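Engineer: Below are the sequence and a predicted model; questions follow.
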Amino acid sequence: MEVATIKKTKKSTWVEKREKEAVGYPKIVEIPNRWANTIGDGKMVILTPKIIDNFIRKIPKGKLATINTIRHHFAEEYNVDETCPMTTGIFVWICAGAAEEDRADGKKQIAPYWRVLKEGGKLNPKYPGGVRQHAKYLEGEGFEIIRGDKDASWRVYNYDQYLMNV
C-alpha cells in the first residue's frame with residue numbers, strides 16, 4: 001500500500017511578504033459596488049506593502065499618522081477617489097510584522113509602524129505585542145496613552161495635534 005505524502009510549504013516571513021514583487025501594482029480599479037455605500041464610487045488605488053513601508057519610514061519622531069491619512073495621501077498622489085481600505089490595513093500590518101523581524105535581525109533602521117494609528121487615535125491590537133507593546137513604543141517617544149477597559153479603546157491623548165502633514 002502506498003502512503004500519500006503531503007509536501008509542507010514554507011510559510012512566508014513578514015519581510016518576504018513586504019518585499020514580494022507585486023507585478024502590475026500599484027493598480028487603479030473601479031471601487032466595487034458592494035463598497036460604494038461605505039467609501040463611495042469612482043476609482044481606487046491598490047498599493048503594495050513596500051509602498052506602505054516606504055511611507056511609514058518617512059513619519060518623523062514626534063509625529064503620527066492614521067490609516068485614513070495614509071489612504072487620503074495616496075488617493076491624492078494617484079489622482080483617484082480612494083485608496084483601498086482593506087489592503088492598506090493589511091499592508092500596514094505586514095509592515096509591522098516585518099519591522100519586528102528586522103529588529104530581531106539586529107537592524108537599527110526599522111519602519112516606525114507604531115506611529116500609525118487607527119481612526120480616532122486608537123492603538124492597533126493586531127500589531128506585534130498588541131496594544132501594550134504599541135503603547136510602550138509610543139510612550140517611549142513621549143506620547144500619552146489613554147488606556148481603556150478593552151484593548152480596542154486604547155488611544156493616544158490629543159493624537160490629532162501630532163498628525164503629520166501629508
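Structural biologist: Looks like it arrived, so ask away.

Engineer: switch to C-alpha atoms for all contacts and neighbour counts from now on
Structural biologist: Will do.

Engineer: residues near the residue lying closest to Ala22 once chain neighbours are set aside, how many?
Structural biologist: Distances taken as C-alpha to C-alpha, 6 or more residues apart in numbering put Thr48 closest to Ala22, at 6.8 Å, once the chain neighbours are dropped. Residue neighbour count, defined by other C-alpha atoms under 10 Å, stands at 23 for Thr48.

Engineer: give the contact list for Thr48.
Structural biologist: 18, 22, 25-26, 91 (C-alpha atoms under 8 Å, 6 or more residues apart in numbering).

Engineer: swap the cut-off to 10 Å and go again
Structural biologist: 17-23, 25-27, 87-88, 90-92 (C-alpha atoms under 10 Å, 6 or more residues apart in numbering).

Engineer: got the CA coordinates for the worst-scoring helix or strand of the chain on mean pLDDT in CSV?
Structural biologist: Using mean pLDDT, DSSP states H and E, helix 36-39 stands out as the lowest-scoring helix or strand of the chain, at a mean of 90. Extracted in CSV, the C-alpha atoms of helix 36-39 (Å, rounded to 0.1, in the frame of the first residue of the first chain):
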residue,chain,number,x,y,z
ALA,A,36,-20.0,52.1,-2.7
ASN,A,37,-22.2,52.8,0.3
THR,A,38,-19.2,52.8,2.6
ILE,A,39,-16.5,54.6,0.6
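
Engineer: Who are the packing partners of the helix or strand that it is followed by?
Structural biologist: Remark: after helix 36-39, the chain's next helix or strand is strand 43-46, criterion DSSP states H and E. Judged by 3 or more C-alpha pairs under 10 Å, 6 or more residues apart in numbering; DSSP states H and E, the packing partners of strand 43-46 are strand 27-30, helix 67-77, strand 82-83, helix 85-104.

Engineer: ranking the ones you listed by burial, who's on top?
Structural biologist: strand 82-83 (a mean of 26; mean count of other C-alpha atoms under 10 Å).

Engineer: hmm, who's touching that one?
Structural biologist: Against strand 82-83 from outside (C-alpha under 10 Å, 6+ apart): 28-31, 39-47, 68, 70-76.
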